[in-house]
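Colleague: Task: produce atomic coordinates for the following.
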Amino acid sequence: MAKGESGRIVIEVDPALKRELYAALALSGSTLKDWFIRNAGDYCTSGVQGSLFAPVVSAAGAIRNETDEAVQVSDDAQTESAE
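Modeller: Now for the predicted structure:
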């Protein structure tokens with residue numbers, strides 16, 4: 001992928017992922033630009049790649065991570081996530 005001198009970053013992603021990301025951002029009241037700048041800044045500051053997506057706890061008590069694996073969490077963790 002070309003790396004120009006402008007401030008634009010262009011990436012191609014699966015359309016389903018794009019819809020899911022925009023929906024999640026809308027629910028959180030954020031924009032893609034704000035989300036990217038915040039996460040890119042955190043990454044550059046820490047020098048360590050973290051997760052781009054916070055885990056989401058479902059009503060069934062499963063937590064989904066970036067590899068889309070369901071992991072069972074305790075009732076205490078669910079309560080803390082809901083707060």
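Colleague: Neighbours of residue 16, how many?
Modeller: By other C-beta atoms under 10 Å, the residues close to residue 16 number 8. In this view, the C-beta of every residue, glycine as well, is placed from N, C-alpha and C.
Colleague: continuing past the strand or helix carrying it, what's the next helix or strand?
Modeller: Following DSSP states H and E, one finds residue 16 within helix 15-28. Using DSSP H and E, the helix or strand that follows helix 15-28 in sequence is helix 32-46.
Colleague: Who are the packing partners of that following helix?
Modeller: Secondary-structure packing of helix 32-46 (3 or more C-beta pairs under 8 Å, 6 or more residues apart in numbering; DSSP states H and E): helix 15-28.
Colleague: one step back: which helices and strands sit right next to the helix holding residue 16?
Modeller: Partner elements for helix 15-28 (3+ C-beta pairs under 8 Å, 6+ apart): helix 32-46.
Colleague: how far off helix 15-28 does the helix it packs on point, in degrees?
Modeller: Counting by axes from the mean of the first three to the mean of the last three C-alpha atoms, to 10 degrees, helix 32-46 lies at 90 degrees to helix 15-28.
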